[in-house]
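Make a model of this:
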Amino acid sequence: MQIRLLDPYSDRAMVDAFFRTAADYIRLERGEDSGSEVTEEFFTDTPPGCDPSANLKFGLFDSEMIGVADLAFGYPGPTDGYIGLMIISPAARGRGAGPVLLRYLEHLARARHMQGLYLGVLDANPKGRAFWEREGFTLALANRPVTIGTKTQIAHRLGKAL
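I've put the predicted structure just below:
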């Protein structure tokens with residue numbers, strides 16, 4: 001498996017196609033099918049107070065793109081990293097791709113002297129939450145209502161010391 005930074009211009013069509021293959025998660029998260037707005041948000045969204053130019057977008061490849069991730073720095077605290085999104089394609093789930101991508105994100109956060117790594121997980125995604133908890137993340141903030149796309153639901157912030 002190979003991980004590389006994604007370019008918002010030259011990789012846009014590939015990321016758009018990836019989100020269509022991960023339609024199950026997009027529907028769970030947004031309540032609607034993937035469209036170009038999902039790709040646009042992936043490349044432009046940042047957590048509150050974070051420098052958009054320091055927000056990194058990655059692709060995970062194994063002959064084709066099998067995962068994407070977004071890593072920001074300085075949220076929720078100044079020495080924290082935040083995974084805004086990490087999705088593995090349905091065909092690659094359960095084959096070790098998630099831990100590979102997560103280890104890479106943890107390495108980058110440590111290299112930037114981050115002390116914690118955080119993310120949000122939806123109540124509607126118990127398999128995702130189980131993955132994060134197996135990887136050492138614990139509840140940091142419960143029951144936050146979030147609206148993504150047309151869907152409002154409950155999210156929980158999980159965190160892990162680095």
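
Which pLDDT value belongs to the residue lying closest to residue 12 once chain neighbours are set aside?
Of all residues not flanking residue 12 in the chain, residue 39 sits nearest, at 6.0 Å (Cβ to Cβ, 6 or more residues apart in numbering). The way it works is simple: take the backbone N, C-alpha and C, and place the C-beta from them, glycine included. Listed pLDDT for residue 39 reads 91.

what kind of secondary structure is residue 39 in?
Assigned by DSSP: H, G, I helix; E, B strand; the rest coil, the conformation of residue 39 is helix.

Quick one: mean pLDDT for stretch 49-60?
Rounded mean pLDDT across stretch 49-60 is 90.

which parts of that stretch are buried?
Neighbour counts over stretch 49-60 (16 or more other Cβ atoms under 10 Å) mark 50, 55-60 as buried.

same deal with stretch 33-42?
34, 38-39, 42.

now the residue sitting furthest away from the middle of the chain, what's its secondary structure?
Most distant residue from the mean C-alpha position of the chain: residue 63, 21.0 Å away (Cα atoms, centre = their mean). Classification of residue 63 using three-state DSSP returns coil.

in the helix ranked longest in the chain, what's buried?
Identified as the longest helix of the chain according to DSSP state H is helix 97-111. For helix 97-111, burial by neighbour count (16+ other Cβ under 10 Å) applies to 97-98, 100-102, 104-106, 108-109.
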